[in-house]
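Visitor: please work out how this folds:
(2 chains)
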2 protein chains.
Amino acid sequence: MSVISPRFSYHPPPISSRSNRRPRISCSSAPMDSSEKLRAKFMEFPYASAQQKALMVKLVSSVETRLGPSLQPCILPPDVQHFGNPNGTAHASIHLKSGIPSSQIDLILGSWIHCKLPSGGALNITSLSAYLKSSTDAPHFLIDLIQSSPTSLVLILDLTPRKDLILYPNYLKTYYEDTRMDKHRQYIQSLPEVRPYYSPSLYVRALISPTAILVNIDSGNSEAKTMEEIIRDHVGPVAEEMLQFWLDECACLEKCVEGDERAYLEKRDEIVKSTTIEVDLGSSFPRLFGEEVAGRVLSVLKEYYNA
Amino acid sequence: MSVISPRFSYHPPPISSRSNRRPRISCSSAPMDSSEKLRAKFMEFPYASAQQKALMVKLVSSVETRLGPSLQPCILPPDVQHFGNPNGTAHASIHLKSGIPSSQIDLILGSWIHCKLPSGGALNITSLSAYLKSSTDAPHFLIDLIQSSPTSLVLILDLTPRKDLILYPNYLKTYYEDTRMDKHRQYIQSLPEVRPYYSPSLYVRALISPTAILVNIDSGNSEAKTMEEIIRDHVGPVAEEMLQFWLDECACLEKCVEGDERAYLEKRDEIVKSTTIEVDLGSSFPRLFGEEVAGRVLSVLKEYYNA
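Guide: Sure thing, here's the model as predicted:
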């Protein structure tokens, strides 16, 4: 985290999926096998540890398998799907699939970032975000694994609310109280290697739900478990269960939000996306990847975002 | 906390201060000296430790001194200002001063609760809440000290937001980012006796700001400091500084909120008050004070609340 902005807590850039407003960025010239190669390269998670990679592949595959018919292919230009900085010390991959117009899925966005640290170590971030359209008010899904050393991992795992939980107490009840969502946080925080993590960004703290898992896992002094074992035995099962809930009860449960409520969700989601791109990525990408590369990637993302 | 609802995290009951809608509960028959006696009895904080009492007296006095001309006398009936359960194991005091109609102050509410625990110890809660009217959008003020043993204290200290911090990013910037409000939380959480506290109520977690101080202070194993020293040297100065900020920049800084924004604040504040009374007090007061006493106190508070 030391190389990036104090405000930075990486969130995969969300992009509007409304196909009729999608900017015309063509990558149709890429043959099918090239598209598959780009996806395979993303799914390599080449800088993640074995267990971190296994978890991310499992999560991305679960989403793609379950939501497959509702998703379009990744249409980002190849040089936005994979990019690095000029001197080769930072690499990243972004894989984005929009929902088809008739679906509730806005977009699914997976990513990884690798950056060599001046100290000799490396920062490795792997993420999966899943955003829904305003036809449903169900929460989005978010997981970030931010590893700054083999023994230190920040985990952000949440179903992020779409509504103000004070103004909409039934929303709090439906998605967080009745579901006993807090049991996952309680379980993870009961592990001796885990302590709460406070994102330096107050926006991130305001964005997440009251049951969000925001923790720092430090296996450096652990006599019982290595980080790989903690990811395999604890983080993985909880992330899979929360994603399964999101797939069953949020993404695939038909809802019909209309009128003022829909306008409210659209406005709030737009602010979330705008703030995520402007504050988090806009402040960190130039330093991570240089002005030119960051400008290219961010301009494409913003074009999608503003569409 | 063991004797009360798992949802319970005590909040002083907030009551609407709009004088034209205030219910007609007369206590004008009480002579002035009786009113002063009731206040003096409240200010005794008879079950709090010396430092906890000193802090509460200082906070209440600061508010009353600074806001004096804007406050009406306490108009609660005497048996709502002081009450206990039939077998004498639980006592409480509520002291409420509404703002005058031309002020920005909705109400100031101080309270203490004492309850003998089956284990032989006692639960002592002291609180001060300060609510503003919808003529300003500035945060409310809240401090709760929940002491379940001489060496264990839960501290809740916050400027609670009036708006959804996602939908109103400038609100987050104005009151929490630009003010560097998080420094207080960071300081308190840097103390070795302090660890984060997660309220069992998701509503409380949703209510508070991203810079709220929600901590459990355990001086049981501390070789350096007693609880009294921690309150005197750390909790007190931070609480006083946050209250001073609230007085200067929230309560006494004239704002002029109108129209839709005012309606939004009124609606949100009403939900906050309603939820606080119904969920927190409504679920715990009957068990603490018996159905009859709880019914009397809650019905008066609800009458004020619904006014």
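Visitor: so residue A:118, which state does it fall into?
Guide: When classified by DSSP: H, G, I helix; E, B strand; the rest coil, residue A:118 comes out as coil.
Visitor: what is the neighbour count of it?
Guide: By other C-beta atoms under 10 Å in any protein chain shown, 8 other residues sit near residue A:118. To be clear about C-beta, it is placed using only N, CA and C from the backbone, and glycine gets the same treatment.
Visitor: same question for residue A:292.
Guide: 11.
Visitor: ok, now the one 10 residues further on?
Guide: Around residue A:302 there are 19 other residues, counting by other C-beta under 10 Å.
Visitor: pretty sure it contacts residue A:274?
Guide: No. In this structure, residue A:302 is not within contact of residue A:274 by C-beta atoms under 8 Å, at 9.1 Å.
Visitor: any idea how far residue A:44 is from chain B?
Guide: Residue A:44 sits 35 Å away from chain B, going by C-beta to the nearest C-beta, to the nearest Å.
Visitor: can you check residue A:45 too?
Guide: 30 Å.
Visitor: can you check residue A:215 too?
Guide: From residue A:215 to chain B the distance is 11 Å (C-beta to the nearest C-beta).
Visitor: secondary structure element holding residue A:148?
Guide: Here residue A:148, judged by DSSP states H and E, is contained in strand A:140-149.
Visitor: that strand pairs with which strands, parallel or anti?
Guide: strand A:122-132 (antiparallel), strand A:152-160 (antiparallel) (DSSP bridges).
Visitor: how about it as CSV, C-alpha atoms only?
Guide: Only the C-alpha atoms of strand A:140-149 are listed here, as CSV (Å, rounded to 0.1, in the frame of the first residue of the first chain):
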residue,chain,number,x,y,z
HIS,A,140,-23.4,-5.4,-5.4
PHE,A,141,-20.6,-7.9,-4.6
LEU,A,142,-17.0,-7.0,-3.9
ILE,A,143,-13.8,-8.9,-3.0
ASP,A,144,-10.3,-7.4,-2.9
LEU,A,145,-7.2,-9.2,-1.8
ILE,A,146,-4.4,-6.8,-1.3
GLN,A,147,-1.1,-8.6,-0.5
SER,A,148,1.9,-6.5,0.4
SER,A,149,4.1,-9.4,1.6
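Visitor: can you pull the pLDDT of residue A:203?
Guide: You'll see residue A:203 listed with a pLDDT of 95.
Visitor: now do the helix or strand harbouring it: which elements does it pack against?
Guide: Residue A:203 belongs to helix A:202-207 when elements are defined using DSSP H and E. Contact analysis of helix A:202-207 by 3 or more C-beta pairs under 8 Å, 6 or more residues apart in numbering or on different chains; DSSP states H and E lists helix B:169-172 as its packing neighbours.
Visitor: average pLDDT for the helix it packs on, rounded please.
Guide: Regarding helix B:169-172, the rounded mean pLDDT is 96.
Visitor: and the strands paired with strand A:140-149 as JSON lines, adding distance to residue A:196?
Guide: Output for the strands paired with strand A:140-149, formatted as JSON lines (distance: least, C-beta to C-beta, whole Å):
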{"stretch": "strand A:122-132", "distance to residue A:196": "19"}
{"stretch": "strand A:152-160", "distance to residue A:196": "11"}
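Visitor: contact residues of the stretch 51-200 of chain A facing chain B?
Guide: A:164, A:165, A:166, A:167, A:169, A:172, A:176, A:177, A:182, A:185, A:196, A:198 (C-beta under 8 Å from any C-beta of the partner chain).
Visitor: on that earlier part again, for the strand holding residue A:148, buried residues please.
Guide: A:140, A:141, A:142, A:143, A:144, A:145, A:146, A:147, A:148, A:149 (16 or more other C-beta atoms under 10 Å in any protein chain shown).
Visitor: can you list contacts of it?
Guide: With contact meaning C-beta atoms under 8 Å, 6 or more residues apart in numbering or on different chains, strand A:140-149 is reached by A:1-2, A:9-11, A:48-49, A:52, A:55-56, A:59, A:117, A:121, A:123-132, A:153-160, A:162, A:227, A:235, A:239, A:242-243, A:246, A:250-251.
Visitor: now, of the residues you listed, which are buried?
Guide: By 16+ other C-beta under 10 Å, the contacts of strand A:140-149 give A:1, A:9-11, A:48-49, A:52, A:55-56, A:59, A:123-132, A:153-160, A:162, A:227, A:235, A:239, A:242-243, A:246, A:250-251 as buried.
Visitor: contact partners for the closest residue in space to residue A:125 that isn't next to it in sequence?
Guide: With sequence-adjacent residues excluded and distances taken as C-beta to C-beta, 6 or more residues apart in numbering or on different chains, residue A:125 is closest to residue A:113, at 4.4 Å. Each residue near residue A:113 by C-beta under 8 Å, 6+ apart is listed here: A:10, A:90, A:91, A:92, A:123, A:124, A:125, A:288.
Visitor: least confident of the residues you listed?
Guide: Within these, the minimum per-residue pLDDT falls on residue A:10 (35).
Visitor: excluding chain neighbours, what is closest to residue A:175?
Guide: residue A:139 (5.7 Å).
Visitor: dump the residues of the stretch 51-200 of chain A next to chain B into TSV; add neighbour count as well.
Guide: Shown next, in TSV, are these (neighbours: other C-beta atoms under 10 Å in any protein chain shown):
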residue	neighbour count
A:164	22
A:165	21
A:166	21
A:167	16
A:169	20
A:172	23
A:176	23
A:177	19
A:182	19
A:185	21
A:196	14
A:198	17
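Visitor: quick check, residue A:69 in a helix?
Guide: Yes. Assessed by three-state DSSP, residue A:69 belongs to a helix.
Visitor: for the nearest residue to it once chain neighbours are set aside, give me its contacts.
Guide: Using C-beta to C-beta, 6+ apart and skipping residues adjacent in sequence, the residue nearest residue A:69 is residue A:100, 7.9 Å away. Residues in contact with residue A:100 (C-beta under 8 Å, 6+ apart) are A:19, A:69, A:70, A:71, A:72.
Visitor: the last one contacts residue A:101, correct?
Guide: No. Contact status for residue A:72 versus residue A:101: not in contact, 9.2 Å apart, counting by C-beta under 8 Å.
Visitor: pick out whichever of the two has more residues nearby.
Guide: residue A:72 (17 against 11).
Visitor: so where do the strands sit in the stretch 1-150 of chain A?
Guide: Applying DSSP state E, counting those that start in this stretch to the stretch 1-150 of chain A gives strands spanning A:82-84, A:90-98, A:105-116, A:122-132, A:140-149.
Visitor: between the last one and strand A:105-116, how big is the angle?
Guide: The reference is to strand A:140-149. Calculated by axes from the mean of the first three to the mean of the last three C-alpha atoms, to 10 degrees, strand A:140-149 forms an angle of 10 degrees with strand A:105-116.
Visitor: next: the fourth one.
Guide: Following the same axes, to 10 degrees, one obtains 180 degrees for the angle between strand A:122-132 and strand A:105-116.
Visitor: now distance to residue B:215 too, for the contacts of residue A:113, in JSON lines please.
Guide: Putting those into JSON lines (distance: C-beta to C-beta, whole Å) gives the following:
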{"residue": "A:10", "distance to residue B:215": "28"}
{"residue": "A:90", "distance to residue B:215": "38"}
{"residue": "A:91", "distance to residue B:215": "40"}
{"residue": "A:92", "distance to residue B:215": "37"}
{"residue": "A:123", "distance to residue B:215": "30"}
{"residue": "A:124", "distance to residue B:215": "32"}
{"residue": "A:125", "distance to residue B:215": "29"}
{"residue": "A:288", "distance to residue B:215": "34"}
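Visitor: farthest-separated two in these?
Guide: A:10 and A:91 (14.2 Å; C-beta to C-beta).
Visitor: what is the burial count for residue A:253?
Guide: Neighbour tally, residue A:253, other C-beta under 10 Å: 11.
Visitor: check contacts around the closest residue to it other than its chain neighbours.
Guide: What sits nearest to residue A:253 in space, not counting adjacent residues and going by C-beta to C-beta, 6+ apart, is residue A:138, at 6.9 Å. When contacts are counted by C-beta under 8 Å, 6+ apart, residue A:138 is found next to A:104, A:132, A:162, A:175, A:246, A:249, A:250, A:251, A:253, A:255.
Visitor: pLDDT wise, what is the third one at?
Guide: The pLDDT attached to residue A:162 in the predicted structure is 98.
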